[in-house]
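A.B. asks: Provide a 3D model corresponding to the input given below.
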Amino acid sequence: MTARLQPSEIQHAAKILREGGTVAFPTETVYGLGANALDANAIAKIFAAKGRPSWDPLIVHVSDHEMLVNIAITTPKAEKLIQHFWPGPLTLLLPRTSKVPDAITAGRPLIGVRMPSHPLALALIRAAGVPIAAPSANRFGHTSPTTADHVLEDLDGRIDAILDGGPTTVGVESTVLDPNQSPMLIYRPGAITPEMIEPITGPVHIFQPAATPTENPASLPSPGVGIRHYAPRAKLILVASEEELREQEERHAGEKIGVLLPQGWTAKLSAEVFLWASWNDSEALAQRVFAGLRELDARGVTTILCPLPEASGVGLAIRDRLEKAARTK
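C.D. replies: Sure, this is the predicted structure:
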């Protein structure tokens with residue numbers, strides 16, 4: 001049974017981490033499954049709990065600059081990004097130091113590292129006194145968790161504890177940026193957008209996966225870019241408009257259908273509906289997208305219909321998650 005801890009029990013959670021255990025905790029993006037990033041045995045527990053393949057490296061969370069330089073080698077460009085965006089939902093790919101266990105990076109020379117802005121996450125890392133490796137706290141490939149209940153749906157009994165800090169605010173994982181290339185490359189869009197980065201450190205491109213997915217995920221430049229991920233149990237079908245939404249509902253008549261319905265859309269539906277957020281508020285859409293997929297799954301739908309936001313700002317991140325979730329493999 002996984003212990004459900006309150007914020008007042010943060011010292012207990014930190015002790016579990018120092019002793020090699022696993023603790024799920026909230027960040028501003030999603031809940032992470034944490035373990036001591038300098039302890040190879042503790043790291044192995046993350047992979048086992050999630051059913052995560054060994055080729056998929058972990059992001060490490062730090063609470064200060066001293067902790068950062070213990071595990072990563074920074075550059076002037078990286079330092080400029082850190083000054084502007086940390087604490088916050090930006091992960092930087094930096095050269096690793098020799099103190100980092102190979103399992104963290106799956107043998108790659110770069111380590112993903114960030115400083116979360118959630119006060120409970122920062123307090124936990126400081127209390128533990130070690131950098132915390134923390135991928136999303138869910139079964140591998142499943143919908144990411146934005147509440148403690150979501151974590152327990154996937155991992156109850158598989159991890160030592162969860163630190164319950166309420167719902168997360170951003171709702172999609174951090175932007176993953178490689179600042180070592182020119183132009184810099186975003187492997188995973190998030191709340192820190194190209195429009196925010198470019199005035200600070202120059203041009204940014206977004207990674208475009210090959211049209212034909214690789215048969216060897218370990219060869220991908222950044223894990224997760226070419227595989228099914230963030231997926232609900234139900235089949236996910238993406239639509240571009242209200243008209244297409246109605247057409248798809250008719251096409252799947254006889255199935256139990258769920259819909260992530262933007263506020264203000266007027267389509268009359270007989271489906272199970274999750275009222276999403278205003279179509280013009282991409283931040284609110286991002287904050288609620290995973291919660292919507294999980295709630296519709298919980299209602300027992302077999303097919304989920306979901307509109308795709310525009311590919312700008314945080315909409316890029318929402319589209320990235322939904323397109324990966326809708327993949328068939």
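A.B. asks: Domain boundaries for this protein, per the record?
C.D. replies: 3-219, 235-325 (automatic domain parsing).
A.B. asks: Can you pull up the most central residue in this protein?
C.D. replies: Centroid check for the chain by C-alpha atoms, centre = their mean gives Glu173 as the closest residue, at 3.0 Å.
A.B. asks: circling back to that earlier point, can the domains of the chain go into a markdown table with extra columns for mean pLDDT?
C.D. replies: As requested, the domains of the chain are exported to a markdown table (pLDDT from 0 to 100):
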| stretch | mean pLDDT |
| --- | --- |
| domain 3-219 | 95 |
| domain 235-325 | 95 |
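A.B. asks: With respect to Ile227, which of the ones you listed lies nearest?
C.D. replies: Of all the domains of the chain, it is domain 3-219 that lies closest to Ile227, at 5.9 Å by C-beta to C-beta. C-beta coordinates here come from the backbone N, C-alpha and C atoms, glycine included.
A.B. asks: can you tell me the helix or strand for the closest residue to Trp279 other than its chain neighbours?
C.D. replies: Nearest in space to Trp279, with sequence neighbours left out and distances taken as C-beta to C-beta, 6 or more residues apart in numbering, is Pro262 at 4.0 Å. Applying DSSP states H and E as the criterion places Pro262 in strand 257-263.
A.B. asks: That strand: what's the following helix or strand?
C.D. replies: Using DSSP H and E, the first helix or strand after strand 257-263 is strand 272-278.
A.B. asks: buried ones in that following strand?
C.D. replies: Using 16 or more other C-beta atoms under 10 Å as the burial criterion, the residues of strand 272-278 that qualify are 273-274, 276-277.
A.B. asks: got the angle between the following helix or strand past it and strand 272-278?
C.D. replies: Once strand 272-278 ends, the next helix or strand along the chain (criterion: DSSP H and E) is helix 282-298. Taking axes from the mean of the first three to the mean of the last three C-alpha atoms, to 10 degrees, one finds helix 282-298 and strand 272-278 inclined to each other by 170 degrees.
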